[in-house]
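**Student:** test case, fold it:
(2 chains)
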Amino acid sequence: MSEVLETPVTTAKLALEGVTSGYGHVEIIKDLSLEVRPGEIFALMGKNGMGKTTLLKTIVGLLPARRGRILLDGADVTKRGPKALVDRGVAYAPQEQPLFQDLSIRDNLRLALPSDKALAAGLERVYGHFPFLADRLAQKAGTLSGGEQKMLIIARAMMTEPDLLLIDEISEGLQPTVIERIAAALKDERANGTTILIVEQHLAFVLGIADRWAVMKLGQIDDAGAIGPDTEARVLEHLRL
Amino acid sequence: MSLFLDVVTSSAVLFIVATGLLTIFGVLKIINFAHGAWLTVGGYCAVATTQTGLSPWLALPVAFVVGGVLGILTERFIVRPLYARPLDAILATWGLGIVIGQLITLIFGRDVQFTPSLIPGTVDVFGTAYSAYRLFALLAAVVLGLGFAFLMEGTRLGLSARAVIMNETLARILGLDTAKIRTVTFMIGTGLAGLAGVLLTPLTSVDPNMGVAWLVGSFMLVMVAGESFGTLAVACLLLGGAQVVVSTYVSPILGGITIAVLAALILRLSPKGFSRA
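**Tutor:** Now for the predicted structure:
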């Protein structure tokens, strides 16, 4: 765990300092600190109900942090809403209700952009990763297969060339071929300078692309480190407990 | 022919009146019970414009702007804190409607007032002399409907509004300024209500309670229509048409309750009205 916390604040793309948040009277995230370095893929894992999704919602401002600070490139964004984070280059691929099912693929992708001026360039970017989108722009998102919907979610998050990409459980229920395509796309984004914080339970997928990792337990970071030969065993040990 | 024209033009008038209410209900999920008051404000914009000697046509943009500005204030200070409490929002807008009605009475008095028709005279329609103004109202409804179709389907604002309707949390995640979209939507809805008030004045007298009579019918039509302007047009045509037929052949009094009764029956049989029928 210490390695994650030792990174100086000035080098962190995203830094959480003693963040607490929750719903009603229940605190889900408890005094959590975490740093994500620029240009890395950081894997956040943990059993169900440990607060991973709640943490992402807190970072993007959907859920207010009750205590602590959230820093983006050193700037305090704790009390800012989702729009302020999007304006600062943050994109979030949520797990729950992630698409406008009755809107076309094109409109789903358009909505990621502040205006249509950059639409052509954004589409070209995502076609590179997911070519099937090009021929089906008019199709309603809700009529896509599960795997195609997941690729559309990632494509939409990539439309803005985000500086920081937050992804929540994207691989759930996907075939290996789809997971490989998403993994390749995420590695390309990292190569282009995008920092990625990904919440995942699919260890083979996420440990295959991540630079560092952490495991959450009961709203706190239970263990963390750089990806190494013993990572999978350490993570599995936490997930089995 | 005259009955057919009455059905079509009456439906058009209902569509014009209910459009503002549906705009707000569709995006904000709020039943704006001050809608009748905004209609009345529009009617008095027509009265004021006429009394000051200006062109009666000027009342249309004036009413839209007055209704829109008052709508912005209403959304910001009354409705916004109540989005999570829609029942309270109904009560609040109902109370606001009463306040607006009393303020109008203070300013203009209780007397019934009239305005000149924007388009006087008749037009020959297949041998039937028919009110030119009612035909204009039909044209206005068509323009309004097409304009809204374009706004919702062909513009970025419409896309954003539809996104907010479908999934507001996701819209926020994507950086849409949902508060601004709500304000603009409310402004458009109340502006349209003001506009509808002006368009009503050649067909009805103007008094401080003018809008109340239209509120119930509009409310029932919106409940039947759901969130779609297409189904609102259908609802206006069917229920408005029935109202005209009952008024003409049975009794004007029964005609006055036709929309409410039919809407209640439709909602009893299909709780989501025409939107999921």
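
**Student:** confidence score at A:Thr160?
**Tutor:** Per-residue pLDDT puts A:Thr160 at 91.

**Student:** right, I mislabeled it, should have said B:Met152
**Tutor:** Looking at B:Met152, its pLDDT stands at 86.

**Student:** that one and chain A: what is the separation?
**Tutor:** 12 Å (Cβ to the nearest Cβ, to the nearest Å). Heads up, the C-betas are built off the backbone N, CA and C, glycines and all.

**Student:** tell me which parts of the stretch 51-200 of chain B are close to chain A?
**Tutor:** With the criterion set to Cβ under 8 Å from any Cβ of the partner chain, the stretch 51-200 of chain B comes near chain A through B:156, B:159-160, B:162-163, B:166-167, B:169-177.

**Student:** could you pull out the helices for chain A?
**Tutor:** Applying DSSP state H to chain A gives helices spanning A:2-6, A:52-60, A:82-87, A:105-110, A:119-129, A:146-158, A:176-191, A:203-209, A:231-240.

**Student:** from memory A:Asp87 sits against B:Gly175, does it?
**Tutor:** Yes: assessed by Cβ atoms under 8 Å, A:Asp87 is found in contact with B:Gly175 at 6.6 Å.

**Student:** between these two, which is the more surrounded one?
**Tutor:** B:Gly175 (24 against 11; other Cβ atoms under 10 Å in any protein chain shown).

**Student:** quick one: contacts for the closest residue to the more buried one other than its chain neighbours?
**Tutor:** Closest residue to B:Gly175 apart from its sequence neighbours, by Cβ to Cβ, 6 or more residues apart in numbering or on different chains: A:Val86 at 3.0 Å. For A:Val86, the contacting residues are A:Thr160, B:Ile173, B:Leu174, B:Gly175, by Cβ atoms under 8 Å, 6 or more residues apart in numbering or on different chains.

**Student:** torsion angles phi and psi at the third one?
**Tutor:** The phi/psi pair for B:Leu174 (degrees, to the nearest 10) reads phi -80, psi 0.

**Student:** interface residues of chain A facing chain B?
**Tutor:** Applying Cβ under 8 Å from any Cβ, one finds that chain A approaches chain B through A:60, A:62, A:81-83, A:85-87, A:92, A:94, A:97-103, A:107, A:110-112, A:114-116, A:156.

**Student:** which residue ranges form the strands in chain B?
**Tutor:** Along chain B, the stretches classed as strands by DSSP state E are B:122-125, B:128-131.

**Student:** out of the residues of the stretch 51-200 of chain B next to chain A, which is nearest to B:Trp57?
**Tutor:** The closest of those to B:Trp57 turns out to be B:Arg156 (Cβ to Cβ; 30.2 Å).

**Student:** for that closest one, report the pLDDT, please.
**Tutor:** 91.

**Student:** tell me, how many residues neighbour it?
**Tutor:** With other Cβ under 10 Å as criterion, B:Arg156 counts 13.

**Student:** so what's it up against?
**Tutor:** B:Arg156 touches A:Arg110, A:Ser115, A:Asp116, counting by Cβ under 8 Å, 6+ apart.

**Student:** next one, pLDDT for the residue in chain B that chain A sits nearest to please.
**Tutor:** Proximity to chain A, evaluated over chain B using Cβ to the nearest Cβ, is greatest for B:Gly175 at 3.0 Å. With respect to pLDDT, B:Gly175 scores 94.
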